[in-house]
Every structure is written in C-alpha cells, then in structure tokens.
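K.L.:
Provide a 3D model corresponding to the input given below.
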Amino acid sequence: MINVITNSKIAKNKGLRTWLEIDKSAIKHNLAEFRTLIPKKTKLCAVVKSNAYGHSLVDFSREIEKSGADWLAVDSVVEGVRLREEGIKLPILILGYTLPEKLSEAVEADLNISVSHFEALEAVLKIADEASQAPKIHIKVDTGMHRQGFMSADAPKLLKMLAEAKRSIKVEGLFTHFAAAKNPAFPERIKKQLAEFNEWVKLFKKAGFAPIVHAAATSATILFPDSHFDMVRIGIGLYGLWPSMETKSFAEKKGVAKNEKKEAGSGGLFLKPIMTWKTIVGEVKVLTEGGSVGYDFTETLPANSKIAILPVGYWHGYPRSLSCIGKVSINNELAKVVGRVAMDMIVVDVTNIKNIKVGDEVVLIGKGGDGGNSEPTAESLALVLGDSWYEIITRLNPLIQRFFI
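P.N.:
The predicted structure follows:
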C-alpha cells in the first residue's frame, strides 16, 4: 500500500530517508494548460496507468478528478477496481488487454473495456447476458502502429458482430494510437494514420454507432489539432514533462510553449513538473589520501576529496547506469555520483559544497532550489543515459512514500 501524506514536513518526523513530493498546484496548472489547447466540447482523459507514471495511482487520480478531468485511463482491471474501491467516480477506460476471467469484475466496477481483436470481443459477448449491466467497450483499431487493434480488413465482420450485439453491449468508444506523434519531423506518418482512422469513424457512424472518438495522446494534442476529436488522452504532460525534446522544440518555435517567466496570458503552453524526489545525507567523510570508491573500485578521487553517502540506490529506482555520471543537488549545488550505484546507497563528491552535514536534504529528481543549473530533472538524467524519462519516473519504487503538498 502506498502511504501518501499531505505535509512534507512530516517526512523527517517519520524517520524517512527518502520520499517524493507531488505539487498539487502544478497538477491543476498542467490540466488547465491542456484545456487551452482543445475545444470546450472535447473531453480530457487523464492517463493514470502504471501507478500514475510513478506518482501514486489513487492519490493522483483523486487530485485530477477534483481538478476537473473528464475521464481516467488505466492499464488493467486491477488498477481500475482499485480506483473504484477508493471512491473514484469518473469514467475509467482500461487501455490494456483484459483477461476473460476478469471481464465480469470490470463490468461490475463500471469500467470501460478496450477490445482490440475478435477473441476479446467474443469473450465480452460471452459474459454480457449474465452481467449486471451491458458491458461498455471501446473498440481499438490499428491504423499503423501495429500493436493492439483491429485491422481495416476486419471492419465488415466487426461491424456485423457489433450490430448483432447492440442490445447486450454498449459501444462507448472508438480509438487508435499514433506511432510517431512525438517527432513532428514526420507529420506524413500521422496524417496517414489520421486518414485511416477517419475512415473507421465514417464506417461506425454509417452503421448507426455514436462512440466517443479519440486518438491523441499528449504529443498529438499539442502538435496535431485535427486529432482531438471527442476526447484526448493526456499522460506525460499532466505530470509536467514533455513527450519528447522534439515536441518541445517544435512547440517553442511555433509559439505553443512558453517560458515560466513570461506573463500570464501571454499564450503558449508551459508545463510544470509535479514530482520532486528527495533523500538525505547519511554520512560525510574526507578522503585525506584520496582513494577508490565503491564496488570494483570504478572511480578514484584525489587527496582531500569529501564524499557524502546517500541512503538510496537502484532498489529505490535510481538507475545503476548512472554510476560515475549521475548528479544530485545538495544546498543548491550539483554533486556528481562517484563509483557504482549500489542497491541501497550512492556516493557523491561534495568537495566543493560548503557546510554540508548529515541530515541535509538532497534532491535526486526535481527542483534544486535555485531554478537553474542545480536541477537534476528526469529529462536531464534520461538524456545522460540516452534513455526515456518515462522510464525514469515510472520505475520509482512504489513503496516510497508520496507527499501531496
């Protein structure tokens, strides 16, 4: 169970060595920013799968529900049922595959089920007659990404089956997913997918269906207004991160993005990262003669180097691949990771940081305090690794306490 406390000052009193702080005002800000990009009639679905991208499934969902999201999207029945048990009332869409034995549970919890192939549709139809209510389904179609989804050749059979089952199931939605919307350098690929999806929309309407039509995730919402349809699915953007550096760069050139220092109402889109991951200094020592640090002696420091030991490691979600290259922020100064990242500890070079002592707060991801170069952001860590910041944040250990402040 994830423990979430609403006052970060409790952290030290609770004896915590590491914790995450989630900025509730930033959540509201990011949601409002995306509202400015879409028509008023277009619904906004907050994607909260994978523990809300590492931010706490239940508590983030509560905040985004209070802030005015229209829908939520999860990966599985397990996530959806958990939200219902915690009192979440918004419509919930399951994006991932639902096991046949979990379908009745999904219906009982009033969850919308994604159906992307005939076996899944047949499984829904099998339980429909005995269900307490008509199962609500969203048909997913493959327009080019080639993961989930019915192919265009499946349309005649699919529409026939849906028409015959109108009394037992409810076709609540029709959707697809773009393969390359994060890179605006290749708009033709998105346009091709959009064209195929529009054909699907026409077929469904001609057959007498009126589903909620949705295609755009965060990047397409920013870059391709033609993809907004009836609803957009915003994931990474609600957490204050850009889908890609290409998206951000393109948006800035087009005047979609704006700098935080610009005046309110100046136009554009400004995202505020909502997460800060913190730990403390557990030990400080001076290597008067210098020496190698950590497992395998992977890095050697000169004489009189000062190091700090931090009680976090790869078990907590700090990537082992940041050994010798990662950076953290202490007293608004950057400190480099030296030696191997261990399971529960990392060592940082604090030779040039004054007045450092045991118990000092350390920022692993987020605001360093001065708003400048002392911010080890999820993006900066990922770029050093040639990795994805999606992975950096979603792999943070769910047992770490989250503080919504």
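
K.L.:
thinking in terms of the whole chain, how far from its middle is stretch 189-207?
P.N.:
Taking Cα atoms, centre = their mean, to the nearest Å, one finds the center of stretch 189-207 at 27 Å from the center of the full chain.

K.L.:
Please save the CA atoms from that stretch in PDB.
P.N.:
Extracted in PDB, the C-alpha atoms of stretch 189-207 (Å, rounded to 0.1, in the frame of the first residue of the first chain):
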ATOM      1  CA  ARG A 189       3.000   9.400 -40.900                       C
ATOM      2  CA  ILE A 190       0.500  10.800 -38.500                       C
ATOM      3  CA  LYS A 191      -1.600  12.200 -41.400                       C
ATOM      4  CA  LYS A 192      -1.700   8.700 -42.900                       C
ATOM      5  CA  GLN A 193      -2.900   7.200 -39.600                       C
ATOM      6  CA  LEU A 194      -5.400  10.000 -39.300                       C
ATOM      7  CA  ALA A 195      -6.800   9.400 -42.700                       C
ATOM      8  CA  GLU A 196      -7.300   5.700 -42.000                       C
ATOM      9  CA  PHE A 197      -8.800   6.400 -38.600                       C
ATOM     10  CA  ASN A 198     -11.300   8.900 -40.200                       C
ATOM     11  CA  GLU A 199     -12.400   6.000 -42.500                       C
ATOM     12  CA  TRP A 200     -13.200   3.900 -39.400                       C
ATOM     13  CA  VAL A 201     -15.100   6.800 -37.900                       C
ATOM     14  CA  LYS A 202     -17.200   7.100 -41.100                       C
ATOM     15  CA  LEU A 203     -17.900   3.300 -41.100                       C
ATOM     16  CA  PHE A 204     -19.100   3.400 -37.400                       C
ATOM     17  CA  LYS A 205     -21.300   6.400 -37.900                       C
ATOM     18  CA  LYS A 206     -22.800   4.900 -41.100                       C
ATOM     19  CA  ALA A 207     -23.500   1.700 -39.100                       C
END
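
K.L.:
This structure: helices as residue ranges?
P.N.:
10-13, 24-35, 49-54, 57-67, 77-85, 103-108, 118-128, 155-164, 187-206, 218-223, 245-253, 378-385, 389-394 (DSSP state H).

K.L.:
Buried residues, the third one. List them.
P.N.:
Spelled out, it's helix 49-54. 49-54 (16 or more other Cβ atoms under 10 Å). Using the backbone N, CA and C atoms, a C-beta is placed for each residue, glycine as well.
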